[in-house]
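# Sequence plus the predicted model coming up.
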Amino acid sequence: MFKGDFIKNLPKIYGTYTGGFLVFIILMAIAEQAGVSAKNIGVMFVAFTVCIYALIGYLSRTINVDAYYVAGRQVPTVFNGMATAADWMSGASFVALAGGVYFGGYTYMAFLVGWTGGYVLVATLMAPYLRKFGCYTVPDFIGTRYGGNLVRACSVFVLFIASFTYVTAQINATGTIASRALGIPFEAGVWVGLVSILICSMLGGMRAVTWTQVAQYIVLIIAYLIPVFWISSNVGGGIFPHLMLGDEVARLGELEQQFGLVKNSAADMKAAGVPGGLKYISGSHSGVPEGGMAVWKYLSLAICMMVGTASLPHILMRYFTTPSVRAARKSVAWSLFFIFLLYSSAPMLATLSKLALMDPNLPTGIIGKSISEVQSIEWVQRWSEVKQVFIADFNGDGILQLNEWFMRGDVVVLATPEVAGLPFVISGLVFAGGMAAAMSTADGLVLAISNALSHDIYYKIIDPKADTAKRLLVARVLLVIIGAAGAYIASFRLTSILGSVAWAFDFAMSGLFFPLVLGVWWKRATRQGAIAGIIAGIVSGTLYLTWVFPKFSVPMWGGVNDPFLGIDHLRFGLIGAPICLVVMVVVSLMTKEPSPSVQKMVDDTRIPTGKPILGKQ
Amino acid sequence: MSNKDAYWEKTKNHMLVTLALWAFFSLVVFMFGSELNTMSFLGYPLAYYMTAQGSLLAFVIILFWTANKQEKIDEEHGFSERGDD
């Protein structure tokens, strides 16, 4: 099935798959009507889709190095776009993005711009040239362009820090969704998630991950868009919410005025016993905060996310799999198109779900109603039991105010279908989508880390004479070890010590962005410059993080420090990356210019035609 | 100037134009957030629209445009791949 004209048959194969999935949704809807319990429908959704991914992973098994590392470089443009979109959109994007917009409004949406705009940098500065280079991993490019084991090892180190920060959060999300959908404890959910992730990636490496990611993208986008369109027409938002919610956004502005945006004090929230991780609305939905600092906060966050996007190895390595340089460029455009479909829908979902709860004229509205009445609503009871929503009557008037309603961000995606009166089959679908999103990103990350360790550290540095069988064995063993380490940390809920996924972007931009860009765009960049730049960038960025993040700064620096120029722990890449640039340029200019053969290598990298710098390895 | 140098010159300029467009939609627009929000588009306040949808869409369009333009530059200089993508 996966040989010969498999590539030509892709549209047919995935078309059939999509049709089959839609039929499955209809069957589940019928089952719901026939009285199958909501819980069983959730279990069937997750089990069915995960089994399909596992089957694809098994069918894509390979003993070929080129297939294992870069999917044989034959993934067509549009399919690579879908795979990248799934690789990119994590469990957090799927379940938490709309929640972020719901609570953060305009200010939070800097993430939307940051997580999409970065692809312009990927397409213009990186992807086509890395594809031409013919490397297997991102450190493979840095190690070959600058030459030497030290620079290769430095870039593997940065890759490891950035990707591992990210992967624990993904395995955590997989565990959360698996535990909720299957009704098992979180710790068990994490290991179920891990096994599913490994089945998809272990036998076939990049080839298996590519074809499962395409399948996962199809599930996740269907699972995201159906509820958005359905909810929109249910609550009177119109059939095409993206173009039709102007009035709703304006109405939210009015309601914010009417109810007032109040900031709760930390002491009040503690006294009322608000569970950790729950948020309330305190910022404007569409209003722009005034002042230069607010503008800078928005821009600085967007810059960090954009530059970080262009430095994250698990994304860059997706463009190593296209058949040509031209295809790599087009593929970036398709990736962003597929990402856009979900990202542009998240604010619409947030708007609809916010309005559903806030507008007293709607039957679903709860703000401004009496608290005892709200507490008797079925979905409020169910989500209160698991501490996902909470009511604190601060002013003691028995009426629910906007600042008295607490909710976890995930609830926006997971509960809105229920709140808006959609059948449970949709909630089951959403679980399957969340699982697909978390698994696909975790797959890509685990593979990026284990490929860098097996190819760059083991094969290139430790044992360059290793044969194919041994290399692939090492790659697979490392894959299991990395996955298990991530799951171990996630299952003990140690993820809070790793902080936010935004850190992964900051780590990557601190240590990798300029070495990658200058490797192509500046011939004068030298090995010494790159080594000094990577070390200076990652060390200064990390030190600044420890200085500005209270959990680290209290034990390490003896107190809480105010962010310098508003650069807080989400934005520490703005310290690391410029230092990396300056050090790299200065040291490069102080050292001897690269040899003619390296300069010729850079020249060849810049031209789409001709042999790749690195062939089959 | 050799063909390769001329090609790279054009590619560099094209990169700069693309990055200028990128900077406009990702940074410049949001420097004027409060001013833009007094205008409206499709009924949305403009700055809200740009961050929720407009800039995202602009990036998608920029990417397809820039890939096509670069392919033309490749062809002009005889560096076009015979692709089967």
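Arrived safely, thanks for sending. Numbers count the residues shown, from 1 in each chain, chains lettered A, B, ... in the order given.
# contacting residues for whatever residue of chain B ends up closest to chain A?
Closest contact between chain B and chain A, by C-beta to the nearest C-beta, is at residue B:43 (1.9 Å). Every residue, glycine included, has its C-beta placed from N, CA and C. Neighbour list for residue B:43: A:244, A:245, A:246, A:247, A:249, A:250 [criterion: C-beta atoms under 8 Å, 6 or more residues apart in numbering or on different chains].
# And the residue of the stretch 451-600 of chain A closest to chain B?
Scanning the stretch 451-600 of chain A for proximity to chain B using C-beta to the nearest C-beta identifies residue A:521 as nearest, at 8.1 Å.
# List phi and psi for that residue.
Backbone geometry at residue A:521, expressed as degrees, to the nearest 10, gives phi -90, psi -10.
# before we move on, what about residue A:608?
Backbone torsions for residue A:608, taken as degrees, to the nearest 10, come to phi -70, psi -30.
# picking up where we left off before, as TSV, the contacts of residue B:43 with secondary structure, pLDDT and distance to residue A:10 would be great.
As requested, the contacts of residue B:43 are exported to TSV (DSSP: H, G, I helix; E, B strand; the rest coil; pLDDT from 0 to 100; distance: C-beta to C-beta, whole Å):
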residue	secondary structure	pLDDT	distance to residue A:10
A:244	helix	76	35
A:245	coil	78	36
A:246	helix	77	39
A:247	helix	78	42
A:249	helix	80	40
A:250	helix	78	45
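# Buried members of the residues you listed into ChimeraX, please.
Command for ChimeraX, covering only those of the contacts of residue B:43 found buried under the criterion 16 or more other C-beta atoms under 10 Å in any protein chain shown:
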select /A:245,246,249,250
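# residue closest to the middle of the chain?
With no chain named, the answer covers chain A. When chain A is reduced to its mean C-alpha position, the nearest residue by C-alpha atoms, centre = their mean turns out to be residue A:90, at 3.5 Å.
# nope, chain B please
residue B:62 (3.4 Å).
# I'd like to know how far it sits from residue A:332.
Computed with C-beta to C-beta, to the nearest Å, the distance linking residue B:62 and residue A:332 is 11 Å.
# ditto for residue A:541
26 Å.
# ok, the two, which is more surrounded?
Under the criterion of other C-beta atoms under 10 Å in any protein chain shown, the comparison of residue A:541 against residue A:332 puts residue A:332 first, with 31 against 26.
# Could you confirm the more buried one falls within a helix?
Yes - with DSSP: H, G, I helix; E, B strand; the rest coil as the criterion, residue A:332 is assigned to a helix.
# Hmm, residue A:121 and it touching each other?
No - the pair formed by residue A:332 and residue A:121 falls short of the contact definition of C-beta atoms under 8 Å, at 9.8 Å.
# before we move on, back to that, next one: the residue of chain B closest to chain A relative to residue A:509, how far apart?
Between residue B:43 and residue A:509 the distance, using C-beta to C-beta, works out to 37 Å.
# List the contacts of residue A:186.
Taking C-beta under 8 Å, 6+ apart as the criterion, residue A:186 is in contact with A:175, A:176, A:179, A:491, A:493.
# quick one: contacts of the worst-scoring helix or strand of chain B on mean pLDDT?
Using mean pLDDT, DSSP states H and E, the weakest-scoring helix or strand in chain B turns out to be helix B:33-36, at a mean of 82. With C-beta under 8 Å, 6+ apart as the contact definition, helix B:33-36 has outside contacts at A:106, A:288, A:290, A:295, A:298, B:29, B:45, B:46, B:47, B:50.
# Near the third one, how many other residues are there?
When counting by other C-beta under 10 Å, one arrives at 10 neighbours for residue A:290.
# same for chain B: which of the contacts of residue B:43 are within range?
Restricting the contacts of residue B:43 to those near chain B by C-beta under 8 Å from any C-beta of the partner chain leaves A:244, A:245, A:246, A:247, A:249, A:250.
# quick one: stretch A:176-196 to chain centroid distance?
On the basis of C-alpha atoms, centre = their mean, to the nearest Å, the separation between the geometric centre of stretch A:176-196 and that of its chain is 19 Å.
# measure that stretch end to end?
Here the two ends of stretch A:176-196 are set 14 Å apart, with distance taken as C-alpha to C-alpha, to the nearest Å.
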